[in-house]
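Novice: The following comprises the amino acid sequence and a computationally predicted model.
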Protein chains: 2
Amino acid sequence: MNNFFISKSRRLRSTPFTSRIEKQGVKNYTVYNHMLLPTTFSTVEEEYLHLKKDVQVWDVSVQREIEISGKDAHKLVQLMTCRDLSKSKIGNCYYVPLIDLNGGMVNDPLIYKVKDDKWRVCIADSDVLLFAKGISAGRNLEVNIFEANIDTLAIQGPKSFKLMEEVFGDEINKLKFFKYDYFKFKNNKYLISRSGFSKQGGYEVHVEDIKSGHDLYDHLFDIGGKFNIKPGAPNHAERIEGGLLSYGNDMLIGDNPFECGFEKSVHLDAKIDFIGKEKLQIIKNKGILRNLMGVKIDTDQINLTDVNLLNKENKIIGDLRSAAFSPDLKKIVGIAMVKKDFCNNNKNFIININNKIITGEICSFPIK
Amino acid sequence: MNNFFISKSRRLRSTPFTSRIEKQGVKNYTVYNHMLLPTTFSTVEEEYLHLKKDVQVWDVSVQREIEISGKDAHKLVQLMTCRDLSKSKIGNCYYVPLIDLNGGMVNDPLIYKVKDDKWRVCIADSDVLLFAKGISAGRNLEVNIFEANIDTLAIQGPKSFKLMEEVFGDEINKLKFFKYDYFKFKNNKYLISRSGFSKQGGYEVHVEDIKSGHDLYDHLFDIGGKFNIKPGAPNHAERIEGGLLSYGNDMLIGDNPFECGFEKSVHLDAKIDFIGKEKLQIIKNKGILRNLMGVKIDTDQINLTDVNLLNKENKIIGDLRSAAFSPDLKKIVGIAMVKKDFCNNNKNFIININNKIITGEICSFPIK
């Protein structure tokens, strides 16, 4: 695969950490929510192994936070998702599918209930701000909606716990998965959640003030040497193995939540009002025809452009949506949308690329 | 400025022309509407001079087209913009600001009325699809909204007219600015508009079928040698000189249409219903405090990160939003949001970058 440069412009916003990250030798960027997301400092394979062993600090400021507040805030947040939020609690994070009128996936944010009338929707790569503003304008809701000036640092990897304990004290060890609380360092207060886009454990620090973000960033690298701390980024092979979905890669607005593994978050029987409810009921009654599944492919490199999975009779049984080389499994791991009849663990398939036949098998998550 | 690579993934979609463009030696990409936009093949300076002299073919498939059809299509399109579309005609393109409930800019698309109940909204870089879906869901409108499978080639430059005449015949010369019609080549039919993101003249071909797109693309380069045809891309210096605005660079949701030069497209007295009408009336009554203006800066390079324009007393009088070196003017040209009192042609300002003082002047468009 050839290498191409990225043309920077104000439209692709930098983050408060961009200048530090460039000094630390970032090599690649991608663009996510109109912002620069660093992707590689060395090689994705080295970073995969390091993430599973030590601790990384990721600039994931691109996970923009849409703040929705006001009298109708709960109503609007509930309108956007099929997951029942009627019993939601302050201090919890909720991973939810956002749904359009056709039952299609709009985004898969982690949402934080900050107060009874204030939510933060921490989004994947689509303009949820405009979706929320559209619904709100259409329904005349009393809400205030804006993209908050919050930039997120993820501290990920098995040594993230010891590292964060050194900074924030023993208290932070009590924070359970998908909970958040406020912690202090140097008289700065940080909203920290036990969350992150890896399966190696860790935290996300939601920085509301650039100075306090810089203080923390620099301190982590000052003291992190003994944990072999490095700057890093979400790693495709690691997140694919763990079954963490990437909106825009694995799913888009043409896919529904049942197909994407969100069936437990579709609460059609709850007494709640959300967009797409009727359509999701119809889809459920009919039954779905395909599902996102893990795949292992017997090669070490693949060019991800419209790759179909075929059965022995050369019939299409699915399409590949994400793929990366796993240094642990020594082959390509991926996520594919697979026809229902073929969604069985160990089911074999082939891929035909320029008349070269490559074999693979379908599997469940985590991919082992 | 350092160079960084772009990490490709399925989330940053390729276009039907990507493989051709890579063979033609594209060096840089940006990302726009979740898709790859080629930006440089040689240098932006060479391409600026070539664009003003000859003809270029641009892959601007990133200008995604949101199709809105059905009984309430006109109603929904009108709800999104403050420009009165009650007398709109099939065959016309309308450049309109899309507005949120606060009177903020959501996008500045060119919209095409294709039938009485079918529109195409050809968008700048924000998810208008989700804004339209949100309003529609909120208001229970009878519409069908989707991103059409349309990919656009722009043929731009003074020799575009002769080139297109050779392909589509003399008829195409009759097409006036911001009009569109259907033209044939090799039994393929193309919707072609007299439009494009340069001031050098030309056309945009809206390709609905990949095969017909490839036929045309290859034919243009087959016959274009005598016009010195080259692949190209929107050129910042050229479009800044011409006062063509770039959403995400020059304006965002925090700016209103009066500030961004759309005052002639804000029809508050028309008997039409649009989102943000009340707020725009309030803004108009109060009067605005700033305006987008052209600037010339006496240097040949500038790093666009929060650059403020200062007066002699070191007070901030504006912020720079776009900037590029103009090979014709031999200095930086830019677009800045300038405080009302300083929006005068020839008004001088200074910029302080690391204690280096650079001088500049404010000007109107086109920048000369």
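Specialist: Cool, got the structure. Numbering: from 1, shown residues only, chains lettered A, B, ... in the order given.
Novice: Tell me where the model's unsure across chain A.
Specialist: A:1-2 (pLDDT under 70).
Novice: Domain parsing of it, as residue ranges.
Specialist: Recorded structural domains for chain A (assignment: automatic domain parsing) are A:18-63+A:150-240, A:65-147.
Novice: now the helix or strand hosting A:Glu204, how far from the centre of its chain.
Specialist: For A:Glu204, the element it lies in under DSSP states H and E is strand A:202-207. Put simply, strand A:202-207 sits 14 Å off its chain's centre (C-alpha atoms, centre = their mean, to the nearest Å).
Novice: coming back round to it: which of the domains of chain A is buried the deepest?
Specialist: Each of the domains of chain A was assessed for mean neighbour count using mean count of other C-beta atoms under 10 Å in any protein chain shown. The highest is domain A:65-147, with a mean of 21. To be clear about C-beta, it is placed using only N, CA and C from the backbone, and glycine gets the same treatment.
Novice: circling back: on contacts alone, who are the packing partners of the strand holding A:Glu204?
Specialist: strand A:151-156, helix A:160-168, strand A:188-193, helix A:210-223 (3 or more C-beta pairs under 8 Å, 6 or more residues apart in numbering or on different chains; DSSP states H and E).
Novice: nearest to B:Lys87, of the ones you listed?
Specialist: strand A:151-156 (46.3 Å; C-beta to C-beta).
Novice: Each with direction, which strands does the strand or helix carrying A:Trp119 pair with?
Specialist: Element membership for A:Trp119, per DSSP H and E: strand A:118-122. If you go by DSSP bridges, strand A:118-122 pairs up with strand A:65-69 (antiparallel), strand A:110-115 (antiparallel).
Novice: now the helices and strands packed on strand A:202-207 as TSV including distance to B:Ile123?
Specialist: Shown next, in TSV, are the helices and strands packed on strand A:202-207 (distance: least, C-beta to C-beta, whole Å):
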stretch	distance to B:Ile123
strand A:151-156	27
helix A:160-168	40
strand A:188-193	34
helix A:210-223	31
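Novice: And those: which comes nearest chain B?
Specialist: helix A:210-223 (11.5 Å; C-beta to the nearest C-beta).
Novice: Each with direction, which strands does the following helix or strand past that closest one pair with?
Specialist: Moving toward the C-terminus from helix A:210-223, the next helix or strand (DSSP H and E) is strand A:230-232. Strand A:230-232 has the following strand partners under DSSP bridges: strand A:56-59 (parallel).
Novice: gap between A:Ile223 and A:Ile192?
Specialist: Between A:Ile223 and A:Ile192 the distance is 17 Å, computed by C-beta to C-beta, to the nearest Å.
Novice: So what does A:Thr30 have for phi and psi?
Specialist: Main-chain dihedrals, A:Thr30, degrees, to the nearest 10: phi -120, psi 180.
Novice: who's in contact with the nearest residue to it once chain neighbours are set aside?
Specialist: If the residues on either side of it in the chain are set aside, A:Thr30 comes closest to B:Ser7, at 4.5 Å by C-beta to C-beta, 6 or more residues apart in numbering or on different chains. B:Ser7 makes contact with A:28-30, A:39-40, according to C-beta atoms under 8 Å, 6 or more residues apart in numbering or on different chains.
Novice: repeat for A:Val121
Specialist: A:Val121 touches A:65-68, A:77, A:80, A:109, A:111, A:128, A:132, counting by C-beta under 8 Å, 6+ apart.
Novice: now do A:Tyr203
Specialist: So A:Tyr203 contacts A:154-156, A:160, A:164, A:172, A:175, A:192-196 (C-beta under 8 Å, 6+ apart).
Novice: make it 7 Å
Specialist: A:Tyr203 makes contact with A:155, A:160, A:164, A:192-194, A:196 under the criterion C-beta atoms under 7 Å, 6 or more residues apart in numbering or on different chains.
Novice: Can you add distance to B:Val295 and give these back as CSV?
Specialist: CSV is the format used below for the contacts of A:Tyr203 (distance: C-beta to C-beta, whole Å):
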residue, distance to B:Val295
A:Ile155, 42
A:Ser160, 46
A:Met164, 46
A:Ile192, 42
A:Ser193, 43
A:Arg194, 48
A:Gly196, 42
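Novice: Going along the chain, name the strands of the stretch 201-350 of chain A.
Specialist: A:202-207, A:230-232, A:290-297, A:308-310, A:316-326, A:331-339, A:348-353 (DSSP state E, counting those that start in this stretch).
Novice: Can you say which of these is nearest to A:Gly243?
Specialist: The nearest among the strands of the stretch 201-350 of chain A, by C-beta to C-beta, is strand A:290-297 at 6.6 Å.
Novice: same for the closest one, what does it pack against?
Specialist: When contacts are defined as 3 or more C-beta pairs under 7 Å, 6 or more residues apart in numbering or on different chains; DSSP states H and E, strand A:290-297 sits against strand A:331-339, strand A:356-363.
Novice: okay, those in JSON lines with distance to chain B next?
Specialist: Output for the helices and strands packed on strand A:290-297, formatted as JSON lines (distance: least, C-beta to the nearest C-beta, whole Å):
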{"stretch": "strand A:331-339", "distance to chain B": "10"}
{"stretch": "strand A:356-363", "distance to chain B": "17"}
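Novice: winner for burial among these?
Specialist: Using mean count of other C-beta under 10 Å, strand A:331-339 ranks as the most buried of the helices and strands packed on strand A:290-297, with a mean of 23.
Novice: who's in contact with the helix or strand following the strand holding A:Trp119?
Specialist: Sequence order places helix A:128-139 as the next helix or strand after strand A:118-122, per DSSP H and E. With C-beta under 7 Å, 6+ apart as the test, helix A:128-139 has contacts from A:66, A:68, A:76, A:79-80, A:98, A:106-107, A:109, A:121, A:143, A:145, A:147, A:275, B:100-101, B:106, B:126-127, B:130-135, B:137-139, B:275.
Novice: run the last query once more with 6 Å
Specialist: Identification of contacts with helix A:128-139 by C-beta atoms under 6 Å, 6 or more residues apart in numbering or on different chains yields A:66, A:76, A:79, A:106-107, A:121, A:143, A:145, A:147, B:100-101, B:127, B:130-131, B:134-135, B:137-139, B:275.
Novice: send the alpha carbons of that helix over as CSV?
Specialist: Extracted in CSV, the C-alpha atoms of helix A:128-139 (Å, rounded to 0.1, in the frame of the first residue of the first chain):
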residue,chain,number,x,y,z
VAL,A,128,-24.6,13.7,16.4
LEU,A,129,-24.7,17.5,17.2
LEU,A,130,-26.8,18.1,14.1
PHE,A,131,-29.0,15.0,14.6
ALA,A,132,-29.8,16.3,18.2
LYS,A,133,-30.3,19.8,16.9
GLY,A,134,-32.6,18.6,14.2
ILE,A,135,-34.9,16.6,16.5
SER,A,136,-34.9,19.4,19.1
ALA,A,137,-35.9,22.0,16.5
GLY,A,138,-38.6,19.6,15.0
ARG,A,139,-40.1,18.9,18.4
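Novice: For the stretch 101-250 of chain A, which residues are neighbours of chain B?
Specialist: A:101, A:126-127, A:130-131, A:133-135, A:137-139, A:248-249 (C-beta under 6 Å from any C-beta of the partner chain).
Novice: 10 Å instead, please
Specialist: Neighbours of chain B within the stretch 101-250 of chain A, by C-beta under 10 Å from any C-beta of the partner chain: A:101-102, A:104, A:106-107, A:124-141, A:143-147, A:233, A:236, A:246-250.
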